[in-house]
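Participant: here is my input, please return the structure:
(chains A and B)
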Amino acid sequence: GAVVSQHPSRVICKSGTSVKIECRSLDFQATTMFWYRQFPKQSLMLMATSNEGSKATYEQGVEKDKFLINHASLTLSTLTVTSAHPEDSSFYICSARDLGTGPNTEAFFGQGTRLTVV
Amino acid sequence: GQNIDQPTEMTATEGAIVQINCTYQTSGFNGLFWYQQHAGEAPTFLSYNVLDGLEEKGRFSSFLSRSKGYSYLLLKELQMKDSASYLCAVRLWNSGNTPLVFGKGTRLSVIA
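Facilitator: All right, here's what the predicted structure looks like:
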């Protein structure tokens, strides 16, 4: 089945620094990838839709200047948390669909990144 | 806005059957998904319904009634490893750039 790889799995950074998270589709091309955030004991909340070759679409309340998304190729999307603060500490997960297998397909998720800002 | 409701927590006994319900009120509908998520890990796909009825896959079954905006996930012969969160999610439209909208998840505890 399709595989989505996310890196790093865990990162601890100092307040004020930036952190980059990578999401790769390993065996399929993904023109669209999705970035979610999950706080403890909460569900996945969509942050933004990453579109290859164009600007990302952000959900209401998500600061696009703080959460920079780049989708430079058909297999890679990156999320950069800029000037991180402790309240940005969360579990970040990316997902993508393999549209080559048909329209009614499930989304595959990366392993997630546990970000802790100290 | 989109509204997807499921119970917050459930407890069931090893070897038993448990049903996790999900109701949804969304602006569109192109399929309902169930995912399993263990703590600190990414969700893994369990099942998908787009038409009314029951889909069976081993110990897991999922049911959908579009007219009622209702689905359930049925887990049979429960095992301790089934202790996890179960997420109900709706795809609103049939296009490649449509994300899934998730419910808050149901934390299932399987006890001996």
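
Participant: hey, what's residue 49 bridged with?
Facilitator: I'll assume chain A. A:Phe34, A:Thr57 (DSSP bridges).

Participant: hm, I was asking about chain B
Facilitator: Counting by DSSP bridges, the residues bridging with B:Asn49 are B:Leu32.

Participant: number of residues surrounding it?
Facilitator: Neighbour count for B:Asn49, taken as other Cβ atoms under 10 Å in any protein chain shown: 19. From N, CA and C alone the C-beta is placed, and that goes for glycine too.

Participant: so it makes contact with B:Glu55?
Facilitator: Yes - counting by Cβ atoms under 8 Å, B:Asn49 touches B:Glu55, with 5.6 Å between them.

Participant: chain neighbours aside, what residue packs nearest to A:Ala56?
Facilitator: Nearest residue to A:Ala56 in three dimensions, chain neighbours excluded: A:Ile69, at 3.9 Å (Cβ to Cβ, 6 or more residues apart in numbering or on different chains).

Participant: surely that neighbour is in a strand?
Facilitator: Yes - the assignment for A:Ile69 is a strand, going by DSSP: H, G, I helix; E, B strand; the rest coil.

Participant: wait, it touches A:Trp35, no?
Facilitator: Yes - contact criterion Cβ under 8 Å: A:Ile69 and A:Trp35 qualify, at 6.6 Å.

Participant: between these two, tell me which one has more neighbours.
Facilitator: Under the neighbour definition other Cβ under 10 Å, A:Ile69 and A:Trp35 were set side by side, and A:Trp35 has more, 27 against 24.

Participant: hmm, the more buried one is touching A:Phe91, no?
Facilitator: No - here A:Trp35 does not reach A:Phe91: they are 11.6 Å apart, not a contact under Cβ under 8 Å.

Participant: out of the helices and strands in chain A, which is least certain?
Facilitator: Least confident element among the helices and strands of chain A, by mean pLDDT, DSSP states H and E: strand A:108-109 (a mean of 89).

Participant: anything in that one near chain B?
Facilitator: Yes - judged by Cβ under 8 Å from any Cβ of the partner chain, strand A:108-109 comes into contact with chain B at A:108-109.

Participant: distance between that strand and the chain's centre?
Facilitator: Remark: strand A:108-109 is offset 11 Å from the chain centroid, using Cα atoms, centre = their mean, to the nearest Å.

Participant: again with stretch B:52-67
Facilitator: Distance, centroid of stretch B:52-67 to centroid of chain: 10 Å (Cα atoms, centre = their mean).

Participant: buried stuff in it?
Facilitator: Neighbour counts using 16 or more other Cβ atoms under 10 Å in any protein chain shown place B:55, B:60-64 of stretch B:52-67 among the buried residues.

Participant: what mean pLDDT does that stretch have?
Facilitator: Averaged across stretch B:52-67, the pLDDT comes to 96.

Participant: sheet partners, orientation included, of the helix or strand hosting A:Ser95?
Facilitator: Per DSSP states H and E, A:Ser95 falls inside strand A:90-96. Using DSSP bridges, strand A:90-96 pairs in its sheet with strand A:32-38 (antiparallel), strand A:108-109 (antiparallel), strand A:113-117 (antiparallel).
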